[in-house]
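S.K.: Quick one: sequence and predicted model below, then my questions.
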Amino acid sequence: MITFYSNVVFSIYVKKYLGSVVESRIISQVELAAANGENDSKIYISAKGLVFDMSEKGRDFYGPGGGYHLFAGKNAQRALALMSLKHEDVDNTEISDLKESDIKILDDWISKYFDKYTMIGHLEKASFI
């Protein structure tokens, strides 16, 4: 298990463990927000500055009507770390005040996302540990 602290660590992880991936690009906050699955749009979720595309394999979970749709088009890092479905946790992206055990839960989610979904880029002006 690797903790995603920076783009440098991430790049090393990708090269060592994942091989080639979709070329990473910067995703703006506006692009992220638009990728909420509404009207058959893409579904993106961000955490710790990484942006994942849930459109194909995750539409049932993250698309309209899915149990985790509130994460779609959002930087959901706090909610993921706290395993929360509260809107206030989805809307608050701050994670510096969380316990180490919460950050480990977030890292576990990110690891699962790498296993199942495509990481397409980095979030513009993202705050992460």
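M.R.: Yes, it's here.

S.K.: Run a quick neighbour tally on Asn36.
M.R.: Asn36 has 21 neighbours, counted by other CB atoms under 10 Å. For every residue, glycine as well, the C-beta is placed using N, CA and C.

S.K.: And for Gly66?
M.R.: Applying other CB under 10 Å, we find 17 residues neighbouring Gly66.

S.K.: If we ignore the residues flanking it in sequence, what's nearest it?
M.R.: Distance criterion CB to CB, 6 or more residues apart in numbering; nearest residue to Gly66, sequence neighbours excluded, is Asp60 at 5.7 Å.

S.K.: ok, now how distant is the one you found from Ser28?
M.R.: Distance, Asp60 to Ser28, by CB to CB, to the nearest Å: 27 Å.

S.K.: for His122, same thing?
M.R.: 11 Å.

S.K.: Quick check: pLDDT value at His17.
M.R.: Check again: residue 17 is Tyr, not His. Model confidence at Tyr17, given as pLDDT, is 51.

S.K.: Which single strand of the protein contains the most residues?
M.R.: strand 118-123 (DSSP state E).

S.K.: so what does that strand touch, helix or strand wise?
M.R.: When contacts are defined as 3 or more CB pairs under 8 Å, 6 or more residues apart in numbering; DSSP states H and E, strand 118-123 packs onto strand 25-27, strand 50-53.

S.K.: okay, these, which one's buried deepest?
M.R.: strand 50-53 (a mean of 22; mean count of other CB atoms under 10 Å).

S.K.: could you say what helices and strands that one packs with?
M.R.: Secondary structure elements in contact with strand 50-53, counted by 3+ CB pairs under 8 Å, 6+ apart, are strand 44-47, helix 100-116, strand 118-123.

S.K.: strands paired with it, and their directions?
M.R.: If you go by DSSP bridges, strand 50-53 pairs up with strand 44-47 (antiparallel), strand 118-123 (antiparallel).
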